[in-house]
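Chemist: Requesting a structural model of the entry that follows:
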Amino acid sequence: MTISPSILLASAGTGKTYRLVHRVLALLLSGASLEGLLATTFTRKAAGQILERVLSLLAQTVSDDAAREAVREQLVKEGLSLDTLERETCLALLGRLLRGIHLARISTLDAWFVKAVQLSSLELGLPPGWALAAEDEDAALRAEAVSRLVRETDDAHLSGLLVDLRGRARATSRGVHGALMEVVGQGYDLLCAAAPDAWERWQPLPAPDAASVREALARFAEWPLPVTKAGTPVKAWQSGRNDIIAAVTAHLIDAPVDTALLTKGLLGKLLAGEEKFSSHVIEPELVECLAPLIGALGSAPLQEVARRTRSRHELLSAFATRYAEAKRAARRYRFDDLPRLLAQGQGQGQGLGSDTLAFRGLGHVQHLLLDEFQDTSLPQWLVLEPLARQLFSDPSGERSAFCVGDVKQSIYGWRGGEPRLLGGLGAELGVTPDTLEHNYRSSPIVLDAATRVLSKVASWPALSEQPALHEAAYRWDQRWPKHNAANKDMPGAVSLWEAGDPSARMRDRFAAVIERAADLAAEAASASPGATVGVLVRGNKAIPRLLHALRRRGVAASGEGGNPVTDAEAVQLALSALHLADHPGDGLARLHVARSPFGEALGFVDHTDDEGAAALALRLRCALLERGYGGVLTNWQREIVEAGGGDAGDSDAGDSDAGDSDAGERDAPAGFGAWDRRRFAQLVEQATAWDARADLRPSAFVASVRISKVEDPDASRVKVMTVHAAKGLEFHAVILPELHPALRVTECAVIVGHGDPLQRPDTVVTGAKRDVLPLDPSLEDLAHQTWGRSFDEALCLLYVGLTRAMRRLDIVLPVPGKGDPKLSLGGLVRWTLEGSGDGRGDADGADADEGDSGVDAKRAVEGVNADDAADA
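Modeler: Numbers count the residues shown, from 1 in each chain. As a prediction, the model looks like this:
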């Protein structure tokens, strides 16, 4: 009995997991062994849900005849020839699965790679006892590598490096070390992913020879210029020619040249693709005459781009060497390292094929199921490719492969996800993909809104001056599939809201958006007690503000995937106290502690007391050495946080960022609420775990707490999270309050050429400013490719956000104001849903009321009232 290989191209809510679960059942019922089946997905939670649904579905087939018949019908669609499905068969399979559940390989790709590398550590050159690094451990290893790089670089190279980083260091206000950390953070993964010669592949066009430049200069000097009605040359043309002649003459004698001419005046217009300068047509013959002059003036900027690219490659290579040494010495590696190591091992003929790994205990893979394939990175695919090719083309029919994904939900490009792998997989493997079009999640009104926003992006007026993005939008529109609601009677509502005062700064208008979003979430949660509500944002920064706004309204809310426990004031105070143990002179941390219950409990109430601060630091360090972090924090929990203040005796204790909790403006409360107590208990758990790897510097623990995400144990119906974290989830009501930030897709610091998605990126260029791109058509084309990929990912992010909603979708935007970005996801939503480019036209059903935050206008886009949708 055989099941054919299959590739599914899906859309949101079309039942990807449903199909995968039935595929697993079909394989098991056809005789496949548990250990011969490998099903992978992107997150541990998703992997757990797949296994849970397999077991749940089997249990239903045992207890419910109708459910068993429905499963049989779907199994037939999966290719299983099955006239009847007996209860005894299902019961036997359920028992087999439960008894052998430890053999079931339904996991993340990362987990599979970890096991594969563990079985191949010797061949891959890994040190004995290696382990995966925590975030703070990896950050420390990177910092160590950067410090070594600075120490070991000779003065001449270091001087050049500092010159290149001067602007970045000034911009980040973090100094040279901070700038280096940022550079390696952005570039290291690209260094590993790109082909070895990618950084040298692009070379600037050779400068025209001096003879041709002189000839063109002479022709230009005699060129008849446009004249005024009085018969005199147009002033702008005359001065422009004089400036160009002077600059080119300077170039010919190797004198300093003002290359700003390339961005303004006649040459600026020409390079920008415009046909007129100062109201007069730039003739094609003149364009031909100016070409050698532009080549001469543009040679230096292009050579500088090449030099910066070589310099960045040299820097990243030097860092990579030291980083690898630091990881090896610490025996700590990242998840991303593992597929790279395996791919290198396979490429070097070290015998690390699937048969070898199976012999060592990884098990023979007879059936491969790949979920969320659009998020697979190239290094991961290079490891999986040999096995996938075998299974997709197995002539015996006894082995199979199944792949499902949605290129419109590819939002992990920054982590290496390559959606084009899925798009080209069918042609590469000779399998015709099937499509899933019927959405079982959302109401027709929600789906129609998503289609209105995202099916005609190329018509958006904001793209009229962005040809590269317009081309990417056109490709997006061409790929847009039908979205058919399976339940056409499901009620729903889509509303577009505006908040804030048009005359206010964006920061203040966004504060009004936060308040409006919190109001909507509270309303949706109270209108339907069983409904789930998702407040989805683009970045983590807005999450604490939203959680705080919801708590002020009495709404219990939590974040999926968790946030650092620093979103509680009691935790911030404890971290400030621990920070003082390392830095007793930090005035901000002193003030934070002294004006809080911690200050009273620790005997430090005067932030100006230098001797008191030094004595407190000594007591804290001694307490940490004697009782450990877990013991100290447990004592604080009992005697300060849960008691609401009091004498903690010598029991002892953030970071100079403690001012985030407004300690300078108000005293901390005498007691702490349930939220603070709950989060502080999680801090105690972190402290207890930290004792196993305790550092002599309390600041190391503080830094770890600030970046470690911990999920609130309270399973609230209202979730506040990023769109990335919400991927794969669904909510009865979704609120999108952060679509207004500018899309800076044309400000990429690094240009990457990646022609073949099945191969490594073949070209990398850094340091190319936008005004340099027109000087070299090949460089401009590479930049346009990079911008297009970034814009595509932004559209994917919007698609994921819109399609999490089942019945109700609220989009909250700041009311338009002066200086707003022309290019933003919010602008696209406003233009499509309101039907006007500026978004200020009247809409039916609009009502407005004046509040403390200024204008707060709602525009109901279509559908039933939001209250009715929440009750539905």
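Chemist: Quick check, Lys482 in contact with Glu437.
Modeler: Yes. Because the distance of 5.1 Å satisfies Cβ atoms under 8 Å, Lys482 is recorded as touching Glu437. C-beta here means a position set from N, CA and C on the backbone, and glycine is covered the same way.
Chemist: overlap in contacts of those two?
Modeler: Residues touching both Lys482 and Glu437 (Cβ atoms under 8 Å, 6 or more residues apart in numbering): there are none.
Chemist: Tell me which residues of the helix or strand hosting Ala46 come out buried.
Modeler: Here Ala46 sits within helix 44-63, counting by DSSP states H and E. Residues Ala46, Ala47, Gln49, Ile50, Leu51, Arg53, Val54, Leu55, Leu57, Leu58, Thr61, Val62 are the ones in helix 44-63 that count as buried (16 or more other Cβ atoms under 10 Å).
Chemist: Asn242: which of these is nearest?
Modeler: Closest approach between these and Asn242, by Cβ to Cβ: Ala46, at 66.3 Å.
Chemist: part of a strand, is Asp712?
Modeler: No. Assigned with DSSP: H, G, I helix; E, B strand; the rest coil, Asp712 falls outside any strand and is coil.
Chemist: Provide a list of residues in contact with it.
Modeler: Neighbour list for Asp712: Ser558, Gly559, Gly562, Arg678, Arg679 [criterion: Cβ under 8 Å, 6+ apart].
Chemist: run the last query once more with 6 Å
Modeler: Shown in contact with Asp712 (Cβ atoms under 6 Å, 6 or more residues apart in numbering): Ser558.
Chemist: gap between it and Val720?
Modeler: Applying Cβ to Cβ, to the nearest Å, the value for Asp712 to Val720 is 10 Å.
Chemist: residues in contact with His470?
Modeler: His470 is in contact with Leu463, counting by Cβ under 6 Å, 6+ apart.
Chemist: Now do Asn865, the pLDDT please.
Modeler: pLDDT, Asn865: 38.
Chemist: And Leu293, by the same measure?
Modeler: 94.
Chemist: The one 3 residues further on too?
Modeler: Ala296 carries a pLDDT score of 93 in this model.
Chemist: Spit out the contact partners of it.
Modeler: Per Cβ under 6 Å, 6+ apart, neighbours of Ala296: Pro208, Val213, Val248, His251.
Chemist: For whichever helix or strand comes after the helix holding Ala46, C-alpha coordinates in CSV please.
Modeler: Later in the chain than helix 44-63, the nearest helix or strand by DSSP H and E is helix 65-77. Extracted in CSV, the C-alpha atoms of helix 65-77 (Å, rounded to 0.1, in the frame of the first residue of the first chain):
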residue,chain,number,x,y,z
ASP,A,65,-18.6,6.3,14.7
ALA,A,66,-19.3,9.5,12.8
ALA,A,67,-15.8,10.8,13.6
ARG,A,68,-14.3,7.5,12.5
GLU,A,69,-16.1,7.7,9.1
ALA,A,70,-15.0,11.4,8.7
VAL,A,71,-11.4,10.3,9.3
ARG,A,72,-11.7,7.5,6.9
GLU,A,73,-12.9,9.8,4.1
GLN,A,74,-10.0,12.1,4.7
LEU,A,75,-7.5,9.2,4.7
VAL,A,76,-8.8,8.2,1.3
LYS,A,77,-8.0,11.7,0.1
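Chemist: Which strands and helices lie in contact with helix 65-77?
Modeler: Counting contacts by 3 or more Cβ pairs under 6 Å, 6 or more residues apart in numbering; DSSP states H and E, helix 65-77 packs against helix 44-63.
Chemist: How about residues contacting the helix it packs on?
Modeler: Contacts for helix 44-63 (Cβ under 6 Å, 6+ apart): 21, 24, 41, 67-68, 71, 87, 90-91, 94, 106-108, 728.
Chemist: What subset of those residues is buried?
Modeler: Among the contacts of helix 44-63, those scoring as buried are Val21, Val24, Thr41, Arg68, Val71, Cys90, Leu94, Ile106, Ser107, Thr108, Gly728 (criterion: 16+ other Cβ under 10 Å).
Chemist: The last one in helix, strand or coil?
Modeler: Going by three-state DSSP, the secondary structure assigned to Gly728 is coil.
Chemist: list the contacts for it?
Modeler: Taking Cβ under 6 Å, 6+ apart as the criterion, Gly728 is in contact with Ala46.
Chemist: how far does the longest helix seen in the chain sit from the chain's center?
Modeler: Under DSSP state H, the helix in the chain containing the largest number of residues is helix 284-330. Distance, stretch centre to chain centre, for helix 284-330: 26 Å (Cα atoms, centre = their mean, to the nearest Å).
Chemist: likewise stretch 538-558?
Modeler: 20 Å.
Chemist: List of residues touching that stretch?
Modeler: Stretch 538-558 is contacted from outside by 514, 518, 522, 525, 535, 559, 563, 567, 712, 714, 716, 718, 720, 738, using Cβ under 6 Å, 6+ apart.
Chemist: Where do the strands of the stretch 51-200 of the chain begin and end?
Modeler: For the stretch 51-200 of the chain, the strands defined by DSSP state E, counting those that start in this stretch occupy 105-108, 131-132.
Chemist: quick one: average confidence on the shortest one?
Modeler: The one in question is strand 131-132. 94.
Chemist: Which helix or which strand is home to the closest residue to Phe731 other than its chain neighbours?
Modeler: Spatial nearest neighbour of Phe731, chain neighbours left out: Gly534 (3.7 Å); criterion: Cβ to Cβ, 6 or more residues apart in numbering. Using DSSP H and E, Gly534 maps to strand 533-537.
Chemist: What strands line up against that strand, and which way round?
Modeler: Partners of strand 533-537 in the sheet, by DSSP bridges, are strand 718-722 (parallel), strand 731-736 (parallel).
Chemist: Return the most buried member of the ones you listed.
Modeler: Among the strands paired with strand 533-537, the stretch with the highest mean neighbour count (mean count of other Cβ atoms under 10 Å) is strand 731-736, at a mean of 27.
Chemist: Name all residues that make contact with Arg679.
Modeler: Listed by Cβ under 6 Å, 6+ apart, the contact set of Arg679 reads Val565, Ala568, Val571.
Chemist: With pLDDT and distance to Val234 added, can I get the buried ones among the contacts of helix 44-63 in JSON lines?
Modeler: Below are the buried ones among the contacts of helix 44-63 laid out as JSON lines (pLDDT from 0 to 100; distance: Cβ to Cβ, whole Å):
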{"residue": "Val21", "pLDDT": "95", "distance to Val234": "73"}
{"residue": "Val24", "pLDDT": "95", "distance to Val234": "75"}
{"residue": "Thr41", "pLDDT": "92", "distance to Val234": "66"}
{"residue": "Arg68", "pLDDT": "94", "distance to Val234": "85"}
{"residue": "Val71", "pLDDT": "94", "distance to Val234": "80"}
{"residue": "Cys90", "pLDDT": "95", "distance to Val234": "87"}
{"residue": "Leu94", "pLDDT": "95", "distance to Val234": "86"}
{"residue": "Ile106", "pLDDT": "94", "distance to Val234": "73"}
{"residue": "Ser107", "pLDDT": "93", "distance to Val234": "71"}
{"residue": "Thr108", "pLDDT": "92", "distance to Val234": "66"}
{"residue": "Gly728", "pLDDT": "89", "distance to Val234": "62"}
